[in-house]
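**Q** Give the three-dimensional model of this entry:
(one chain, ligands or ions: 1)
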Amino acid sequence: MDGQRLIHDLERVLFTQEQIAHRVTQLARILTRRFGTLRPVLVCVLKGACFFYVDLCRSMDCAIDMDFISVSSYGLSARSTGVVRLNRDLDQPITGRHVILVEDIIDSGRTLEYLKALFAARKPASVTTVALLEKQGCHSARSAADLYGFPIGGEFVVGYGLDYANQYRNLPYLAVLKPERYTSGAADSTQERNPQHET
Ligand code: PRP
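**A** Numbering: from 1, shown residues only. Take a look at the predicted model:
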């Protein structure tokens, strides 16, 4: 799919590159103030958080460790199985460490709850969760992020790491996908849907 087609699929830009950069810098300052002397481990939840994670790490003005984890709960079906699967674990132990878990979006909160339980069992010094987007009214307070970039409503958001059917991740901004793009069966049926961003 060419770039023009990608843009044609979008309803509107939700947050520009400049707005994202500004907010990421603010979040990095808060985290640097809290953890600057503690050498935290920043954990990227693949794949959606990839750009947010990299920009956040680069904006932190302190020593950090970087690590990556991959989980999924949606498989190839249109609805969550309700079971989060661990695809790739961390490389390093986090016992006694201050962990900052970096997500792109909190929707049902199921992924975050799973990861918090997984990490708690490893006895870290602390776990702080930061998400770029938090969908309002879709999850319990227990599975809300400690820090988040922007609240959103029911829009289907793509770009800056977020996908629909594995497309649109490389858009440099966050945009709302046209409903007909994900309701008409337009996606390549061999690709995974990403319905957790639907309402
Ligand atoms: C998305 C997103 C979060 C999770 C949020 O991941 O990146 O990890 O879903 O949904 P929840 O709050 O309802 O659990 P996805 O499984 O689509 O994988 P991806 O990041 O590789 O796109």
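**Q** Please enumerate the strands of this protein.
**A** 10-15, 41-46, 65-72, 85-88, 98-106, 126-135, 147-152, 157-158, 174-177 (DSSP state E).
**Q** Please produce a markdown table containing these, extended by distance to Tyr168 and mean neighbour count.
**A** C-beta coordinates here come from the backbone N, C-alpha and C atoms, glycine included. Output for the strands of the chain, formatted as a markdown table (distance: least, Cβ to Cβ, whole Å; neighbours: other Cβ atoms under 10 Å):
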| stretch | distance to Tyr168 | mean neighbour count |
| --- | --- | --- |
| strand 10-15 | 8 | 16 |
| strand 41-46 | 16 | 22 |
| strand 65-72 | 18 | 16 |
| strand 85-88 | 21 | 11 |
| strand 98-106 | 12 | 24 |
| strand 126-135 | 14 | 22 |
| strand 147-152 | 16 | 18 |
| strand 157-158 | 4 | 26 |
| strand 174-177 | 7 | 23 |
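**Q** can you redo those strands as JSON lines with mean pLDDT and distance to the ligand?
**A** Output for these, formatted as JSON lines (pLDDT from 0 to 100; distance: least, Cβ to the nearest ligand atom, whole Å):
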{"stretch": "strand 10-15", "mean pLDDT": "97", "distance to the ligand": "16"}
{"stretch": "strand 41-46", "mean pLDDT": "98", "distance to the ligand": "5"}
{"stretch": "strand 65-72", "mean pLDDT": "96", "distance to the ligand": "4"}
{"stretch": "strand 85-88", "mean pLDDT": "95", "distance to the ligand": "9"}
{"stretch": "strand 98-106", "mean pLDDT": "97", "distance to the ligand": "5"}
{"stretch": "strand 126-135", "mean pLDDT": "97", "distance to the ligand": "8"}
{"stretch": "strand 147-152", "mean pLDDT": "97", "distance to the ligand": "12"}
{"stretch": "strand 157-158", "mean pLDDT": "96", "distance to the ligand": "10"}
{"stretch": "strand 174-177", "mean pLDDT": "97", "distance to the ligand": "13"}
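**Q** Low-confidence stretches in this protein?
**A** Low-confidence segments of the chain, defined by pLDDT under 70, are located at 1, 3, 74-81, 184-199.
**Q** got the buried residues for the longest helix along it?
**A** Longest helix in the chain, counting residues (DSSP state H): helix 17-35. Neighbour counts over helix 17-35 (16 or more other Cβ atoms under 10 Å) mark Ile20, Arg23, Val24, Leu27, Ala28, Leu31, Thr32, Arg34, Phe35 as buried.
**Q** Grab the nearest non-local neighbour of the last one.
**A** Just to be clear, that refers to Phe35. Leaving aside its chain neighbours, Phe35 sits nearest to His98 (5.6 Å; criterion: Cβ to Cβ, 6 or more residues apart in numbering).
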